[in-house]
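In: kindly generate the corresponding structure for this input.
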Amino acid sequence: MHTDEYEISIGRELNHHQHVVKKIRADLEKRRQRYNMDYAEAVRAAAEGRLDITAKELAAWQEDVEALPQWEQRLEEYRKALAMMRITASRS
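Out: Numbering: from 1, shown residues only. Below is the predicted model of the structure:
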């Protein structure tokens, strides 16, 4: 059963997930540029004392690295759900 409310709700979730993924990617890129290395390199450099970074910043970086694939997966699921809903609606 398709209703406009379902499509609107899924569309809102899709939009929210797009914004979150975009923000996480931007934050990761800012850190990569700021420290001139990716997260894995930063962890090694911090452990060796070659990188001046706070534990809080490193933890936030790790959180973003781990969260991005989860948000991307959910985003793809909402894209598929919305596409399927639109296909179903066009057949009605």
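In: buried ones in the helix or strand where residue 78 lies?
Out: Using DSSP states H and E, residue 78 falls within helix 55-91. Within helix 55-91, the residues that qualify as buried by neighbour count (16 or more other C-beta atoms under 10 Å) are 58, 61, 64, 65, 68, 71, 74, 75, 78, 82, 85. Just so you know, the C-beta spots here come from the backbone N, C-alpha and C atoms, and that holds for glycine as well.
In: identify, from those, the entry nearest to residue 36.
Out: Distance to residue 36 across the buried residues of helix 55-91 (C-beta to C-beta) is lowest for residue 61, with 13.6 Å.
In: average model confidence for the helix holding residue 78?
Out: Within the predicted structure, the mean pLDDT of helix 55-91 is 92.
In: ok, the residue most central in space within the chain - contacts?
Out: Computing the C-alpha centroid of the chain and ranking residues by C-alpha atoms, centre = their mean puts residue 21 first, at 3.0 Å. For residue 21, the residues meeting the contact criterion (C-beta atoms under 8 Å, 6 or more residues apart in numbering) are 68, 71, 72, 75.
In: CA atoms of stretch 62-75 as CSV?
Out: Output in CSV follows, covering the C-alpha atoms of stretch 62-75 (Å, rounded to 0.1, in the frame of the first residue of the first chain):
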residue,chain,number,x,y,z
GLN,A,62,37.6,7.7,14.7
GLU,A,63,33.8,8.1,15.4
ASP,A,64,33.4,9.7,11.9
VAL,A,65,35.4,7.0,10.2
GLU,A,66,33.3,4.3,11.8
ALA,A,67,30.0,6.1,11.3
LEU,A,68,30.3,7.0,7.7
PRO,A,69,29.8,3.5,6.2
GLN,A,70,26.8,3.0,8.4
TRP,A,71,25.2,6.3,7.4
GLU,A,72,26.0,5.5,3.7
GLN,A,73,24.3,2.1,4.0
ARG,A,74,21.2,3.6,5.5
LEU,A,75,21.2,6.3,2.8
